[in-house]
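Engineer: no sequence on this one, just coordinates:
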């Protein structure tokens, strides 16, 4: 039977935009917003709210900045009960760029950070909560976190005005037993405070969906997914698999299948994501995908064995 | 630390051949045999030993029949410690077509059957064991088996001369808790008799690798995988992910990455397998992939939402 506390968040535009500098056409973003709304997912993340002080609007698309003007254009006229989220990165947003909730269509601000930046994340969370938003913290690259530092951060986050704190397997490196361990660790700090545990998986080892299920089994209630698994490098947990798995009758699969058919199949000739061997390799080696992304942009994009050997040999040199 | 009892079986040619009627070039089969041998995998399954009484040699490739002549041509001159397996289907092989082990390069015969045919599988297992082969039984479509019938079959198989009995998730429909349940059920019957539990997963829900890991965690020691996940419809657990996961230092990843690069990337323009939405749909509905395969061979191959609705509506009519 289904667990009503579970919230599904679609981050197709936000994470998918990491492939193409968020240069999506408005029409595409609207199609995603419409499909996700019709699917009954709880949240849709329409991009980052980055500051134009740090990123050029000539180089990056509108979903990188998520101005109110952009968000209203995307959502206008579409019937939706899905809440809107935007993400902010530590050091890439000016707090004064964030309007008051009462002047915004945004419901939730998610603060992405590494363990070392949890102090800064807390300041930003407090700022956004004061302005009236729901907030989460998404701790990235969790598969390389040093545990005492992580625990110190978790203990401080437990006192913040948060809806959820996320386990983010940025490298797609974790296995089920590690997911179980981390969900239990997070739950120890957060469940007593009424803060939910969230999960955001990458799919380098084809474990994005599987690890999301394992997190659910251990009590995670905020679940990230993307349509057709789109997302940086290997991509994410596919929303269509997650909705089919969840038993809550409010979720509908058809709108997601329709938007895959109409919008995502054509996109595959322009953008690359999914089970691509160099991304698999950074996953098994628990590394940032940047080396694989660089390889895929060059002339040797299919030199899988050489790429593997180069990464393994670098590791040896560093020890 | 690694479990030395674990045996990895590559069934690239056998299961992959279900996509193309086993019409592989000898050169390709040799490349696979060479790569799998170099990877240190324990077994390689080079096809079916079907009878030409039931299948035309004009329509099907040589790996459908696995004559000694074919197998010797494939393996000749390649250094290998990997044992050779062939599969037989109930009702598609004549026992007299199987030579004595002493006259064959084959080490193991795997008998594939549904629960209803376990009696016939036992007769064939006894026949092959008498001829000197290692044997397994692979019980297909386990996600639709009626449990009392399954248990009766397992109790009879426990008295046979078997290396392993496989859980075969033909429809790619199972989740981790079901895998745990089935491995425990099989282990109850087989471990006391020294027969191993095997696992063969399909990848319709991107759970092929994940479910193989879950089976390992619960004690399964015979593991099927295919290079780059090739196999009927959505394909199988990818061998490269499995070898990277297993800690036994005898396994090498490089040869598999090399053969993907050289032989499997070009193959993708000629054969289709992997995460394809119609195959996902039959997986979530716990159905045979035949409807999805038919769709993919027709003009409406990308009509995902219509296909989903047609299957769901048929279900309603049947109840």
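Structural biologist: Yep, it's here. Because the structure is predicted, anything quoted here is derived from the model rather than measured.

Engineer: quick check: closest non-adjacent residue to the residue of chain A at minimum distance from chain B.
Structural biologist: The nearest approach of chain A to chain B comes at residue A:210, 3.1 Å away (Cβ to the nearest Cβ). Every residue, glycine included, has its C-beta placed from N, CA and C. Ranked by Cβ to Cβ, 6 or more residues apart in numbering or on different chains and with sequence neighbours excluded, the top spatial neighbour of residue A:210 is residue B:210, at 3.1 Å.

Engineer: so the one you found touches residue A:206, yeah?
Structural biologist: Yes: counting by Cβ atoms under 8 Å, residue B:210 does reach residue A:206; the two are 7.2 Å apart.

Engineer: neighbour count for the two, which is higher?
Structural biologist: Each of residue B:210 and residue A:206 has its neighbours counted (other Cβ atoms under 10 Å in any protein chain shown); residue B:210 has more, 28 against 25.

Engineer: can you give me the strands for the stretch 201-319 of chain A?
Structural biologist: Along the stretch 201-319 of chain A, the segments classed as strands by DSSP state E, counting those that start in this stretch run A:222-225.

Engineer: up against chain B, what does it have?
Structural biologist: By the rule Cβ under 8 Å from any Cβ of the partner chain, the part of the stretch 201-319 of chain A lying against chain B is A:203, A:205-211, A:213-214, A:217, A:229, A:238, A:240-241, A:244-245, A:253-254, A:257-258, A:260-261, A:265, A:274-275, A:277, A:280-281, A:284, A:302-305, A:308-309.

Engineer: which segments of chain A make up each domain?
Structural biologist: Per automatic domain parsing, the structural domains of chain A span A:7-267, A:277-318.

Engineer: what sits against the residue nearest to residue A:210?
Structural biologist: With contacts defined as Cβ atoms under 8 Å, 6 or more residues apart in numbering or on different chains, residue B:210 is in contact with A:176, A:206, A:207, A:209, A:210, A:211, B:176.

Engineer: so how far is residue A:182 from the first one?
Structural biologist: Using Cβ to Cβ, to the nearest Å, we find residue A:176 at a distance of 11 Å from residue A:182.

Engineer: also residue A:52?
Structural biologist: Using Cβ to Cβ, residue A:52 is found at 35 Å from residue A:182.

Engineer: hmm, who's touching the worst-scoring helix or strand of chain A on mean pLDDT?
Structural biologist: Using mean pLDDT, DSSP states H and E, the weakest-scoring helix or strand in chain A turns out to be helix A:304-318, at a mean of 82. The contact list for helix A:304-318 (Cβ under 8 Å, 6+ apart) reads A:277-278, A:281-282, A:285, A:287, A:291-292, A:295, A:300, B:253-254, B:257-258, B:260-261.

Engineer: among those residues, which lie within helices?
Structural biologist: A:277, A:278, A:281, A:282, A:291, A:292, A:295, B:254, B:257, B:258 (DSSP state H).

Engineer: skipping adjacent residues, who's closest to the third one in space?
Structural biologist: Translated: residue A:281. Using Cβ to Cβ, 6+ apart, the closest residue to residue A:281 is residue A:308 (5.1 Å).

Engineer: look up how far residue A:141 lies from the one you found.
Structural biologist: For residue A:308, the distance to residue A:141 (Cβ to Cβ) stands at 21 Å.

Engineer: can you map out the helices along the stretch 101-250 of chain A?
Structural biologist: A:118-130, A:147-157, A:176-190, A:208-217, A:239-245 (DSSP state H, counting those that start in this stretch).

Engineer: quick one: pLDDT of residue A:159?
Structural biologist: Looking at residue A:159, its pLDDT reads 98.

Engineer: that one - how many residues pack around it?
Structural biologist: Number of residues near residue A:159 (other Cβ under 10 Å) recorded here: 11.

Engineer: skip the chain neighbours and tell me the closest residue to it.
Structural biologist: Take residue A:159 and drop its neighbours on the chain: the residue closest to it by Cβ to Cβ, 6+ apart is residue A:193, 7.4 Å away.

Engineer: how about the residues of the stretch 51-200 of chain A by chain B?
Structural biologist: Residues of the stretch 51-200 of chain A lying close to chain B (Cβ under 8 Å from any Cβ) are A:175, A:176, A:177.

Engineer: which of these ranks first by neighbour count?
Structural biologist: Within those, most neighbours by other Cβ under 10 Å means residue A:176, with 20 neighbours.

Engineer: so, low pLDDT: which residues of chain A?
Structural biologist: Confidence mapping of chain A against pLDDT under 70 gives the ranges A:315-319.

Engineer: re the thing from before, of the helices of the stretch 101-250 of chain A, which is nearest residue A:43?
Structural biologist: Closest to residue A:43 of the helices of the stretch 101-250 of chain A is helix A:239-245 (Cβ to Cβ; 11.6 Å).

Engineer: what's in contact with that closest one?
Structural biologist: Contact with helix A:239-245 is made by A:8, A:10, A:12, A:36, A:39-41, A:209, A:212-213, A:223, A:225-228, A:251-253, A:256-257, A:260, B:175, B:205-206, B:277, B:280, B:284, as judged by Cβ under 8 Å, 6+ apart.

Engineer: just the buried members of the residues you listed?
Structural biologist: Among these, those scoring as buried are A:8, A:10, A:12, A:36, A:39-41, A:209, A:212-213, A:223, A:225-228, A:251, A:253, A:256-257, A:260, B:175, B:205-206, B:277, B:280, B:284 (criterion: 16 or more other Cβ atoms under 10 Å in any protein chain shown).

Engineer: picking that back up, distance of the residue nearest to residue A:210 relative to residue B:58?
Structural biologist: Relative to residue B:58, residue B:210 is positioned 40 Å away (Cβ to Cβ).

Engineer: how about stretch A:290-297: buried residues?
Structural biologist: The neighbour-count check on stretch A:290-297 (16+ other Cβ under 10 Å) flags A:291, A:292, A:293, A:295, A:296 as buried.

Engineer: chain center to that stretch, what's the gap?
Structural biologist: Distance of stretch A:290-297 from the chain centroid (Cα atoms, centre = their mean, to the nearest Å) equals 20 Å.

Engineer: thank you, goodbye.
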